[in-house]
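**Q** give me coordinates for this.
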Amino acid sequence: MAEPLLQAVSICIHQLQSQTAQQRELQDSEQLRDQNVAGWIGSIGRSETSAGNILEAGLLEKSQSREVEYELEKDESELNGYEGDEGLHVESAEASLHLQKLNLTPAMARDLKVGMWNFDAIQTASEHGSVLKIVGMELVGKASFISRSCLAPFLDAMEERYLVNPYHSSAHAADAANSFQVLASSSGLLHCSSSPLPALRSVSMCVAALGHDLGHPGLNNSFQINSRDALAVTYNDRSVLENFHAAELERLLSRRYGPRQTKLMAIPQNHEARERQVRISMILSTDLSKHMQDLGDLRLRLGSGDFDPLEVNADQQLALTWYFRASDIGHSAKPWDIHRRWSERLVEEFHAQGDVEKGLGLPLSPLCDRHNFDLSKSQTGFLQFVCIPMFEELGRLDDLLESGCELNKQRKKPVTSVSLHLSRHDMKVVPWEDVVPSVELKVESRLSRSFTGGVPPEVDKHHLPGRVTIRIAQKLLLQCKDNMNSWKNYVDDF
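**A** The predicted structure follows:
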């Protein structure tokens, strides 16, 4: 009996040791997750504002989605032909003059990959300067209701309002705006909908992306709140910087520019009021403090069975909001070299904040202690627990959009011209070499440069069959995972 008993005891001990090792591994994984989620999200600051709350509050008019759809279609027809107080030839000359001052030709703009996912805003800023103006002229300069003579001074004022920060700079704003343009356009959302997004809404969201970090001091919400900064007092500790950025953008938009002192957008007042609310809601959505909760809400909405961004305005705005949010942290899915440089810049900014906090005797915000920091682990956790789950849900959104587009085709619904669109081959099965969809803003009888295509990031072709379906979020998810693996093998000499 002794030998069987010893064998049983040995087996039990072995099982307990295995369970203990598994529990320890699970605990380590959970600890890494909690540290990184708390670090990356907690370092942004505390807030009660979320995209979900914004939608519920009615800023995006959720309760009147059908009425809004008809109103938007009506507004689009009203805006057609609605010009500012300056002629087309004068404004085209103004635009050409400003491009000459930038030493930028249309061919150079294409070479810089403006309008493509792998656009390198850091390099463009270093080599050409005025990166926000370069991107801004491309994104919003072709709409008929934009005053060309006002656009360049407006973009100059915006660029000047950005401080010289390692990360939260005009280069980041240009990168986010460019990324949003590619994401929204490549999704199929804008050209498959039965009530397509008006040019005005497209331009408003691009302007919001360009201005979403205006005046950022390089010190995050956590610092504003802990130091009892005047901004935190003004905005009651809720989305402090996001509220500040939105207010700064609206101040710039309310000003008059150019020789004739006109506003940037020559649009009726009722349109202006509505688009202002859209811009504000988009900028407030970039507060990461509610990222996990909002992502869970998106996951539930996508699985609800009645989510329809092609037909229901509120669902369309929710989808666009997440494209906007993804663009703000879009470097996570950029090619490795671009992503690495943006990550190092953000960490540099965090550590500079930590130095300030130490000098003021404030508690160190998460990720801000340069002497107790692991770049590789920090970035691995950020991608694993924040970015990858987001791109997974955007991949589900892509699937729903593709199904909806196919259903609309089967129903033979007419597709109205829209302000942001792709060539129709984007939703078809095409060879990988042909994955260069043409993205352009609506041109209304204006001479302007063509807008180059938005392209998914470089993905190892060996992982894909010879023919692939265009689903940009899935490509970005692959790139994000590749970046995470690169961080795991990264030698940290930062």
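
**Q** so where's the stretch 301-450 of the chain uncertain?
**A** Filtered on pLDDT under 70, the stretch 301-450 of the chain yields the residue ranges 408-450.

**Q** any weak-confidence spans in the stretch 1-150 of the chain?
**A** The stretch 1-150 of the chain contains residues with pLDDT under 70 at 1-107, 109.

**Q** so what's residue 243 up against?
**A** 234, 235, 284 (C-beta atoms under 8 Å, 6 or more residues apart in numbering). Where C-beta positions appear, they are placed from N, C-alpha and C, glycine not excepted.

**Q** got phi/psi on it?
**A** With angles defined as degrees, to the nearest 10, residue 243 sits at phi -60, psi -40.

**Q** per-residue pLDDT, it?
**A** Reading off the per-residue confidence, residue 243 sits at a pLDDT of 99.

**Q** do the one 3 residues further on as well
**A** Per-residue confidence (pLDDT) for residue 246: 99.

**Q** about what we covered before: most neighbours among the contacts of residue 243, which one is it?
**A** Top of the contacts of residue 243 by neighbour number is residue 284, holding 23 neighbours under the definition other C-beta atoms under 10 Å.

**Q** just the contacts of residue 243 now: which is nearest residue 318?
**A** When these are compared for distance to residue 318 (C-beta to C-beta), residue 284 comes out closest, at 14.0 Å.

**Q** the closest one contacts residue 246, correct?
**A** Yes. A contact is recorded between residue 284 and residue 246 when judged using C-beta atoms under 8 Å, the distance being 6.4 Å.

**Q** which residues do those two both contact?
**A** With C-beta under 8 Å, 6+ apart as the test, residue 284 and residue 246 reach no residue in common.

**Q** can you pull out the helices in the stretch 251-400 of the chain?
**A** For the stretch 251-400 of the chain, the helices defined by DSSP state H, counting those that start in this stretch cover 269-284, 291-302, 313-328, 336-360, 375-382, 388-410.

**Q** tell me the most buried of these?
**A** helix 313-328 (a mean of 24; mean count of other C-beta atoms under 10 Å).

**Q** re earlier: could you dump the helices of the stretch 251-400 of the chain to TSV with distance to residue 205?
**A** Conversion of those to TSV gives the following (distance: least, C-beta to C-beta, whole Å):
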stretch	distance to residue 205
helix 269-284	6
helix 291-302	18
helix 313-328	7
helix 336-360	22
helix 375-382	25
helix 388-410	16
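
**Q** of these, which approaches residue 227 most closely?
**A** If you check each of those against residue 227 by C-beta to C-beta, helix 336-360 wins as the nearest, at 6.6 Å.

**Q** can you list the helices and strands that the closest one packs against?
**A** Packing partners of helix 336-360 (3 or more C-beta pairs under 8 Å, 6 or more residues apart in numbering; DSSP states H and E): helix 121-128, helix 221-226, helix 375-382, helix 472-488.

**Q** what do you get if the cut-off is 10 Å, keeping everything else the same?
**A** Under the contact criterion of 3 or more C-beta pairs under 10 Å, 6 or more residues apart in numbering; DSSP states H and E, helix 336-360 touches helix 2-42, helix 121-128, helix 170-186, helix 221-226, helix 375-382, helix 472-488.

**Q** of the contacts of residue 243, closest to residue 324?
**A** The shortest gap between residue 324 and any of the contacts of residue 243 belongs to residue 284, at 10.5 Å (C-beta to C-beta).

**Q** not counting its neighbours along the chain, what's nearest that closest one?
**A** In this structure, residue 284 finds its nearest non-sequential neighbour in residue 242, 4.9 Å apart by C-beta to C-beta, 6 or more residues apart in numbering.

**Q** the one you found touches residue 215, doesn't it?
**A** No. Using C-beta atoms under 10 Å, residue 242 and residue 215 do not qualify as a contacting pair, with a distance of 11.5 Å.

**Q** higher neighbour count, the two?
**A** Of the pair residue 242 and residue 215, residue 242 is the one with more neighbours under other C-beta under 10 Å, namely 26 against 17.

**Q** just the angle between the helix or strand in which the more buried one is found and helix 170-186, please?
**A** Under the criterion DSSP states H and E, the helix or strand holding residue 242 is helix 240-254. Here helix 240-254 runs at an angle of 80 degrees relative to helix 170-186 (axes from the mean of the first three to the mean of the last three C-alpha atoms, to 10 degrees).

**Q** export helix 240-254 to PDB, keeping only CA atoms.
**A** Taking only C-alpha atoms (Å, rounded to 0.1, in the frame of the first residue of the first chain), the coordinates of helix 240-254 have been written out as PDB:
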ATOM      1  CA  VAL A 240      -9.500  68.600 -19.300                       C
ATOM      2  CA  LEU A 241      -7.200  68.800 -22.300                       C
ATOM      3  CA  GLU A 242      -9.800  67.500 -24.800                       C
ATOM      4  CA  ASN A 243     -12.200  70.200 -23.800                       C
ATOM      5  CA  PHE A 244      -9.400  72.800 -24.100                       C
ATOM      6  CA  HIS A 245      -8.400  71.600 -27.500                       C
ATOM      7  CA  ALA A 246     -11.900  71.700 -28.800                       C
ATOM      8  CA  ALA A 247     -12.400  75.200 -27.500                       C
ATOM      9  CA  GLU A 248      -9.100  76.400 -29.000                       C
ATOM     10  CA  LEU A 249     -10.100  75.000 -32.400                       C
ATOM     11  CA  GLU A 250     -13.500  76.700 -32.300                       C
ATOM     12  CA  ARG A 251     -11.800  80.000 -31.400                       C
ATOM     13  CA  LEU A 252      -9.600  79.700 -34.500                       C
ATOM     14  CA  LEU A 253     -12.600  78.800 -36.700                       C
ATOM     15  CA  SER A 254     -14.500  81.800 -35.400                       C
END
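
**Q** how about that helix: buried residues?
**A** When neighbours are counted by 16 or more other C-beta atoms under 10 Å, the buried residues of helix 240-254 are found to be 240, 241, 242, 243, 244, 245, 246, 247, 248, 249, 252, 253.

**Q** kindly report the same for stretch 367-374.
**A** The neighbour-count criterion (16+ other C-beta under 10 Å) identifies 367, 368, 370, 373 as the buried residues of stretch 367-374.

**Q** surely the last one and residue 351 touch.
**A** Yes. Counting by C-beta under 10 Å, residue 373 does reach residue 351; the two are 7.3 Å apart.

**Q** that older thread, could the contacts of residue 243 go into a markdown table alongside pLDDT and distance to residue 187?
**A** Listed next are the contacts of residue 243 as a markdown table, based on pLDDT from 0 to 100; distance: C-beta to C-beta, whole Å:
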| residue | pLDDT | distance to residue 187 |
| --- | --- | --- |
| 234 | 98 | 36 |
| 235 | 98 | 32 |
| 284 | 98 | 22 |
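
**Q** which of the residues you listed sits closest to residue 479?
**A** Relative to residue 479, the closest of these is residue 284; by C-beta to C-beta it sits at 27.6 Å.

**Q** any idea how far residue 489 is from the closest one?
**A** Taken as C-beta to C-beta, to the nearest Å, the spacing of residue 284 relative to residue 489 amounts to 37 Å.

**Q** how far does stretch 214-233 stretch from start to finish?
**A** End-to-end distance for stretch 214-233: 19 Å, by C-alpha to C-alpha, to the nearest Å.

**Q** what pLDDT, on average, does it get?
**A** For stretch 214-233, the mean pLDDT works out to 98.

**Q** then stretch 171-188?
**A** For stretch 171-188, the per-residue pLDDT values average out at 92.

**Q** list the residues that contact the residue nearest to residue 324 when sequence neighbours are not counted.
**A** With C-beta to C-beta, 6+ apart as the measure, residue 282 is the residue that lies nearest to residue 324, at 4.9 Å, once sequence neighbours are left out. When the contact criterion is C-beta atoms under 10 Å, 6 or more residues apart in numbering, the partners of residue 282 are 51, 54, 59-60, 180, 204-205, 207-209, 211-212, 242, 246, 317, 320-321, 323-325, 328.
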